[in-house]
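Engineer: 3D, please:
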Amino acid sequence: MDDLDLDLRERLPGDLPKLFPDGDADRALSVALPPGDVVWPDPGFPQRQFIRAPALWLSDDPVDGSLWARVRAEHARSGLWPVLLDESDQPWAAGQIAPEPVAEIGNYDSAAFMYEVWSDFAEQAAPEDFKDLEPYGRHCPGPAAAGPALDDPDAAADRHARVLAARGLSLGLVAVER
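Structural biologist: Residues are numbered from 1 along each chain as shown. Coordinates of the predicted model:
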C-alpha cells in the first residue's frame, strides 16, 4: 500500500465527533447505537456561553440498561458518558439545556444544591409528602459522610441503569473526560 493510507480503526459513528472540540481525535466506539441524533442547545434558551457544539447525542427511542452498560464500559476509549433521559420531565430533544463550561465545575457545591432542591420540595409539598423525607422532615440533613465501598462502582451503576432503563428512557451521550 504505497500511496494509500487506509485507516481501518473504529471511529465515533455519525455526528458524535461534533460533541468534541477536537473532532474525534483518537476516540472510538465499538458499540452499535440505535437511531438518534445530536442535540444543539436552543439559542432561545438562556445560555451563559456561546454555543459552539451540540450538547449531547440522544437516541430516538428508549433503550435497555445493557446498552448503557456497554457504552459506559467504553468511556475511556470513546470519551462519551451515557445518561438515561426522561423526555416527559424535560424536552431534551428540543434543546432546552444550557451546558456549562467544564472549567467551572469547581464553582458548584453539591451540598448547596441539595439544600436548594430540598427547600423547594418542602415549600411545595403537601403534609403527606413529608413521609418521603423521614426522618428529616422539612430540614435538609446535608450530604452523608462517605462510607466504605460495598460494591464495585461500575457494577452498581450498571445494575441501576438496568432498573432505570426499564422505565422507557432514552439514551443520551455526553462528551466528558471523567
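Engineer: CA atoms for contacts and neighbours, from now on please.
Structural biologist: Will do.
Engineer: List the contacts of the lowest-mean-pLDDT helix or strand in the chain.
Structural biologist: In the chain, the helix or strand scored least confidently by mean pLDDT, DSSP states H and E is helix 110-124, which has a mean of 89. By CA atoms under 8 Å, 6 or more residues apart in numbering, the surrounding residues in contact with helix 110-124 are 130, 138-140, 142-143.
Engineer: Mark which of the residues you listed are part of strands, please.
Structural biologist: Among the contacts of helix 110-124, the subset assigned to strands under DSSP state E is empty.
Engineer: can I get the residues you listed in JSON lines with neighbour count and pLDDT?
Structural biologist: Shown next, in JSON lines, are the contacts of helix 110-124 (neighbours: other CA atoms under 10 Å; pLDDT from 0 to 100):
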{"residue": "130", "neighbour count": "15", "pLDDT": "80"}
{"residue": "138", "neighbour count": "16", "pLDDT": "83"}
{"residue": "139", "neighbour count": "12", "pLDDT": "85"}
{"residue": "140", "neighbour count": "16", "pLDDT": "90"}
{"residue": "142", "neighbour count": "13", "pLDDT": "91"}
{"residue": "143", "neighbour count": "11", "pLDDT": "91"}
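Engineer: Okay, strands next: where are they in this structure?
Structural biologist: Along the chain, the stretches classed as strands by DSSP E are 36-39, 56-62, 80-85, 170-175.
Engineer: Let me know which of the ones you listed is the nearest to residue 26.
Structural biologist: Smallest distance to residue 26 across the strands of the chain (CA to CA): 12.6 Å, for strand 80-85.
Engineer: angle of the closest one against strand 170-175?
Structural biologist: Per axes from the mean of the first three to the mean of the last three CA atoms, to 10 degrees, the angle that strand 80-85 makes with strand 170-175 is 150 degrees.
Engineer: Please name the bridge partners of the residue positioned nearest the centre of the chain.
Structural biologist: By CA atoms, centre = their mean, the chain has its centre lying nearest to residue 83, at 3.5 Å. Under DSSP bridges, the beta-bridge partners of residue 83 are residue 172.
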